[in-house]
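*Asks:* Sequence first, predicted coordinates after that:
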Amino acid sequence: MKTAETFWVLGHKVTNYSTTGDYDFALGETPAHTQGPPPHLHNELSETFLITEGEMEFMVNGEIKNVKAGDLVDLPPKTLHTFTNRSDSTCKWINVHSPKGFRGFFEFVGVPVSDNNAQKESITEEKINTVIERAADFDMIIKV
């Protein structure tokens, strides 16, 4: 089995795990006061977040929800969403995409945690422009 790979993706720490099923599985950490990705939807992918520690503010189809440890956010295809950690503590979460394939986005835009200044490098203007230009290749349709 392939070992886990950890990246900084738009200021969030994401660890991808290999699975045998038709889904992607990742653990994430969002530092305090960290903005999430731009509002987006997935045409084909379902996405689920389980908050395991801390709290996160989610925007789901225009509605703001404060989600805490133990809460699940289930996002069927075509659901406009984003998230932000407005708290003073790190938020930890589990993320599942189905069917499999979105982990490639994390690998493509992510900066390996072993790189110097990886978190800062994950939010440069160049990196953000890459996300905007290539997100649709991974069924991430940005809506600004």
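*Replies:* In hand now; what should we look at? Numbers count the residues shown, from 1 in each chain.
*Asks:* what's the residue lying closest to Glu44 once chain neighbours are set aside sitting at in phi/psi?
*Replies:* Once flanking residues are discounted, Glu44 sits nearest to Asp139: 5.3 Å by Cβ to Cβ, 6 or more residues apart in numbering. Heads up, the C-betas are built off the backbone N, CA and C, glycines and all. Note on Asp139: backbone dihedrals following degrees, to the nearest 10 are phi 60, psi 40.
*Asks:* Ok, Leu50 next?
*Replies:* Here is the backbone geometry of Leu50 (degrees, to the nearest 10): phi -120, psi 120.
*Asks:* That one - nearest residue in space that isn't next to it in sequence?
*Replies:* Spatially, and ignoring its direct neighbours in sequence, Leu50 is nearest to Ile94 (4.3 Å; Cβ to Cβ, 6+ apart).
*Asks:* Direction included, what does the helix or strand that the one you found is a member of pair up with?
*Replies:* Element membership of Ile94, judged by DSSP states H and E, is strand 91-98. Paired with strand 91-98 in the same sheet, following DSSP bridges, are strand 24-30 (antiparallel), strand 46-53 (antiparallel).
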